[in-house]
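Colleague: Using only what follows, build the 3D model:
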Amino acid sequence: MTHSGPGYGGVPPEDDAGLFEAPAPRLGGAERDGRRWPGLLRRGPMEMVATVLIAAGVLMLMQPFVLVLYTWSFLVTLVGTVMFIVVSHFPD
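Modeller: The predicted model follows:
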């Protein structure tokens, strides 16, 4: 096993042959990925919407006055939680 130097990013190669192949570049390059994704569907704003849904669901659950809000509270919290999990994988 011979190492000719540090691997990609300064990390030594870990395969048996001592070779490290850098990951293939994405089609269109990094700049193009940023332009393809709609601005409204970025991680930051969508995470904020999901967080507001979760907070609204918890408030609906804890209020003692309106039974309809209490009834829908679990669904709102669940939708907010699933939405947060999904949008946390969106690009910045």
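Colleague: how about the helices in the protein?
Modeller: With DSSP state H, the ranges of helices along the chain come out as 29-36, 43-62, 67-87.
Colleague: ranking the ones you listed by mean pLDDT, which is last?
Modeller: Ranked by mean pLDDT, those bottom out at helix 29-36, which scores a mean of 59.
Colleague: can you list the helices of the chain in a markdown table and add mean neighbour count?
Modeller: All C-beta atoms are positioned from the backbone trio N, CA, C, and that covers glycine. Listed next are those as a markdown table, based on neighbours: other CB atoms under 10 Å:
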| stretch | mean neighbour count |
| --- | --- |
| helix 29-36 | 9 |
| helix 43-62 | 15 |
| helix 67-87 | 14 |
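Colleague: From residue 81, how far out is the closest residue to residue 63 other than its chain neighbours?
Modeller: If you skip the residues right next to it in sequence, residue 63 has residue 69 as its closest partner in space, 6.0 Å away by CB to CB, 6 or more residues apart in numbering. Going from residue 69 to residue 81 by CB to CB, to the nearest Å gives 18 Å.
Colleague: Over to residue 65: give its phi and psi.
Modeller: The main-chain torsion angles of residue 65 are listed as degrees, to the nearest 10 and equal phi -100, psi -40.
Colleague: Could you report the neighbour count for it?
Modeller: 6 (other CB atoms under 10 Å).
Colleague: quick one: the closest residue to residue 57 other than its chain neighbours from residue 55, how far?
Modeller: Excluding the flanking residues, the one nearest residue 57 by CB to CB, 6+ apart is residue 77, at 3.1 Å. Computed as CB to CB, the residue 77 to residue 55 distance reads 9 Å.
Colleague: how about the closest residue to residue 75 other than its chain neighbours, what does it touch?
Modeller: Spatially, and ignoring its direct neighbours in sequence, residue 75 is nearest to residue 57 (7.7 Å; CB to CB, 6+ apart). Residues counted as contacts of residue 57 (CB atoms under 8 Å, 6 or more residues apart in numbering) are 73, 74, 75, 76, 77, 78, 79, 80.
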